[in-house]
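Sequence and predicted structure, then a few things I'm wondering about:
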Amino acid sequence: MAGDLGEAPQLPGELGPFVGSEVGAAASLVLAPVVAEPGELVGALLGEADEDAAFVLGGAAASHDALVLQLLEHAGGGAEALFPRLARDWPPGTWRAIWPEARRLPLRRPTLRRGASPSGYGGVMASMSKPELRPVAWRPPPRPGPAGGDRVPVSAPRLLPLGGTGPEHVVVDTAGRLLTGVADGRILRVDPETGEVTTVADTGGRPLGLQLQPDGRLLVCDARAGLLRVVPETGETEVLLRSAGGEPLGFCSNVVVTRDGTIYVSDASRRFGIDHWLGDLLEHSGTGRLIRIAPGAVEPEVVLDGLYFANGLALPADESFVTVAETGAYRLTRLWLTGPRAGHRDTFLEDLPGFPDNLTTGPGGLIWIAYAAPRDPLMDWLHRTPPVLRRALWKLPESMRPGPRRTLRVTAVDSAGRTAHDLRWPRARYRTATSACEHGGRLYLGSLVEDAIAVLELPER
């Protein structure tokens, strides 16, 4: 092995700490940095995968050690994703050389801890209550190259503290005040000049997407309660929609309204609710829906089905189509509303650089796309691997999963899909932007995990 591995550890006893250090370096992709040694990592990922060993290895694995080692031997490019320094510095064939020599590595199964969700959605759930994961094989599209449009340096965002966490979506009322919902169920109104915060309603659930109606009433997508309508002046709240197509809303996410009063609502997933949203991205089963409530209609209509985590919605200025963000597929899907293609669907944008979240239409007709996170090489790799890895990862408690990367990116496109703005801050102190609302030369950013709205002065074009 010495001739093949150069500076690599020569003995299994030396290999364990070395792999452990690589795991630490890659922990932001795999787990929160709580892994003390390699056995703890593989035990956490695969320690409960006995029932899946036959699927991957045809029953050949007699122990966790053999299962882990054989999985790594078959991982191909996945090994490089988990251990980037090995892939960069070691010659081809390293993995075949290492793992047969590493079979004496002790694997210690850890005690898994329960904890609160780091997602910002709210809620503390025991891992035993999670729905079973049924992974679907999928080959994600290649990660895109640089986008067009301006990349003018922008000033650091100014923050408007809220006294609450997770202003997931932001809209502006007719008086120029901001409205947002936070994780404890409150709907807040914020003066963007003074920073004054007022509670206008409390849904008792988890408010996400918002949309003002022409009469001033506020539509609220509550992930737990369904589609609500709130009177901001009084806080009066009524339920508009709890089910569609004979099925309850699983995860009410976003809403838009056309000029004639037609309401479009996204239902992110019928398999996973808000407490287990990551399961939908890992499973990739496509159970999201787009629902239409026409004025005077007796029943809502499901107009799109089979969506991969149906999320943000937007209308162009001429309302010729509605587009929905499929967060789990890195694309925006379009449903034509007028013209010869009315009623047909196609792809508006694809191969996006991250996980698209909420969409908003600016005063000039640009559609703003907020990216909750950039594309993750590990997530892409997991979707190409046998289901055992995703099932095992899903069994980890949320406290052992990574938090959001401190990156921030929003883009804006015109109605033809051409990029007009591409704004990014790789080391931003404000992270996980889930909405971008343009008003008065500013961009108001919401986030799943922050306790403030960020205000950004837009660069002149």
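Arrived safely.

How about Thr434: what's its closest non-neighbour residue?
Spatial nearest neighbour of Thr434, excluding adjacent residues (C-beta to C-beta, 6 or more residues apart in numbering): Asp357 at 4.3 Å. Any C-beta I mention is one placed from the backbone N, CA and C, and that applies to glycine too.

Distance of the one you found relative to Gly417?
Noted for Asp357: a distance of 18 Å to Gly417, by C-beta to C-beta, to the nearest Å.

Among these two, which residue is more densely surrounded?
Just comparing Asp357 and Gly417: by other C-beta atoms under 10 Å the higher neighbour count belongs to Asp357, 30 against 14.

for that one, what are its contacts?
311-312, 325, 327, 370-372, 433-435, 448 (C-beta atoms under 8 Å, 6 or more residues apart in numbering).

Among those, name the ones in strands.
Counting by DSSP state E, those place 311-312, 325, 370-372, 433-435 in strands.

quick one: which of those is most hemmed in?
Ala325 (35 neighbours).

which residues does that one bridge with?
Leu332 (DSSP bridges).

partners of the helix or strand containing the residue nearest to Thr434 in the sheet?
Of the helices and strands defined by DSSP states H and E, Asp357 is found in strand 354-361. Applying DSSP bridges to the sheet, strand 354-361 is found paired with strand 367-374 (antiparallel).

Pretty sure Arg134 sits against Ser285.
Yes. If you go by C-beta atoms under 8 Å, Arg134 and Ser285 touch, sitting 6.4 Å apart.

Give me the more crowded residue out of those two.
Ser285 (21 against 13).

Please report how far the more buried one lies from Phe272.
For Ser285, the distance to Phe272 - C-beta to C-beta - is 9 Å.

Tell me which two in the contacts of Asp357 are the farthest apart.
Ala325 and Leu448 (14.2 Å; C-beta to C-beta).

before we move on, the earlier item: just curious, which of the contacts of Asp357 is nearest to Arg177?
Minimum distance to Arg177 across the contacts of Asp357 is 16.0 Å, recorded for Ser435 (C-beta to C-beta).

Do you know the pLDDT at that closest one?
The model reports Ser435 with a pLDDT of 98.

wait, what's in contact with it?
168-170, 312, 357-358, 360, 370, 445-446.

of those residues, closest to Ala297?
Gly312 (23.4 Å).

contacting residues for His169?
180-181, 208-210, 254, 358, 434-435, 446.

now with 10 Å?
179-181, 207-211, 220-221, 253-255, 312, 357-358, 360, 370, 434-435, 437, 446, 448 (C-beta atoms under 10 Å, 6 or more residues apart in numbering).

Number of residues surrounding Phe272?
Residue neighbour count, defined by other C-beta under 10 Å, stands at 23 for Phe272.
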